[in-house]
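> Fold the stuff below for me.
(one chain, ligands or ions: 2)
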Amino acid sequence: MIKVEKLTKQFGGLKAVSDVSFEVKEGQILGLIGPNGAGKTTCFNMIAGALPPSSGTVFFKGQEITGLKPNKICHLGIARTFQIVKPLKKLTVKENILVGALSKSKDIKEARKKAEEVIQLTEIEDITDLKASDLSIGNLKRLEMARALATSPEVLLLDEPLGGLTTKEVENAVKMTRKINQSGVTIIIIEHIMKALMSMADYIVVLQNGIKISEGTPKEVSADPEVIKAYLGEDAYA
Ligand SMILES: Nc1ncnc2c1ncn2[C@@H]1O[C@H](COP(=O)(O)OP(=O)(O)O)[C@@H](O)[C@H]1O
Ligand SMILES: [Mg+2]
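Ligands and ions are numbered 1, 2, ... in the order given. Prediction:
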């Protein structure tokens, strides 16, 4: 579905992402982990077209999409959520979802239909009439997911969707992520809550200082001494 090859992003003297390669197959959930500043969000920015790579290639279903503009990439079928959520604050949840749906619909009627479908799929009926500015962080993250889905993506990039959520909200968000994946959407997810990520991801890629230091199944990665040292903490040996 998505394949990145030797993806590199240089910010002045800093190599935020350095020769990173990975792929996610149709129907999979790929987890992207690593300490703060590892280059995870920068990878998403390059896949979604928010930042052009300094070098390297991004493929979507075999077609090269490197450096295309975000609206073009969204149109092709890749949607993302943001670590810092960005709703249209003055609009209601339903209107925000409708805006997402409009980007892919031929008219308002079709967009309304899509918005209704997404509202049902994401079980967000309880907050559709609330203004985005009045939402808790948990509900903002639900909106963010629904807004992205309204663009009918084949691939969804989730940037720390569980950050700031309560234990119960994390549980619900994990269930929802699985449900969306089962509805046919391939997912790449950046997440720090390891237990939750390990329970969702088919495969995990680990970054540190812009470099891929490990990859494998959740079991393989969590047993990799390099990962334990870099990320899970030396204490994990104890
Ligand atoms: N637009 C930018 N300009 C300059 N430096 C940036 C920019 N975006 C990210 N960085 C730097 O690149 C590194 C990787 O950042 P980021 O991809 O956000 O890491 P992560 O998401 O893994 O925490 C960090 O050192 C960060 O400060
Ligand atoms: Mg980040």
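
> For stretch 7-24, which residues meet the burial criterion?
Neighbour counts using 16 or more other CB atoms under 10 Å place 7-9, 15-18, 20, 22, 24 of stretch 7-24 among the buried residues. C-beta here means a position set from N, CA and C on the backbone, and glycine is covered the same way.

> filter those down to the ones near ligand 1?
The subset of the buried residues of stretch 7-24 lying close to ligand 1, counting by CB under 6 Å from any ligand atom, consists of residue 16.

> Pull the most distant pair out of the buried residues of stretch 7-24.
Within the buried residues of stretch 7-24, two members stand farthest from each other by CB to CB: 15 and 24, at 23.1 Å.

> Relative to ligand 2, how far out is the closest residue in space to residue 69 that isn't next to it in sequence?
Spatially, and ignoring its direct neighbours in sequence, residue 69 is nearest to residue 49 (5.4 Å; CB to CB, 6 or more residues apart in numbering). Applying CB to the ion, to the nearest Å, the value for residue 49 to ligand 2 is 17 Å.

> Then residue 170?
18 Å.

> Show me what the helix or strand that contains that residue is packed against.
Secondary structure from DSSP states H and E places residue 170 in helix 167-182. In terms of contacts (3 or more CB pairs under 8 Å, 6 or more residues apart in numbering; DSSP states H and E), helix 167-182 is packed against helix 137-149, strand 186-190, helix 194-200.

> right, and the ones you listed - which one's nearest ligand 2?
strand 186-190 (6.2 Å; CB to the ion).

> Show me what the closest one is packed against.
Right, strand 186-190 is packed against strand 14-24, strand 29-33, helix 40-48, strand 155-159, helix 167-182 by 3+ CB pairs under 8 Å, 6+ apart.

> Sheet partners, orientation included, of it?
strand 29-33 (parallel), strand 155-159 (parallel) (DSSP bridges).

> Centre of the chain to it, how far?
Offset of strand 186-190 from its chain centre (CA atoms, centre = their mean, to the nearest Å): 5 Å.

> Give me the buried positions along it.
Neighbour-count burial for strand 186-190 [16+ other CB under 10 Å]: 186-190.

> any chance of these in JSON lines, with pLDDT and distance to residue 76 too?
Listed next are those as JSON lines, based on pLDDT from 0 to 100; distance: CB to CB, whole Å:
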{"residue": "186", "pLDDT": "98", "distance to residue 76": "13"}
{"residue": "187", "pLDDT": "98", "distance to residue 76": "16"}
{"residue": "188", "pLDDT": "98", "distance to residue 76": "15"}
{"residue": "189", "pLDDT": "97", "distance to residue 76": "20"}
{"residue": "190", "pLDDT": "96", "distance to residue 76": "21"}
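
> Brilliant, that's me finished.
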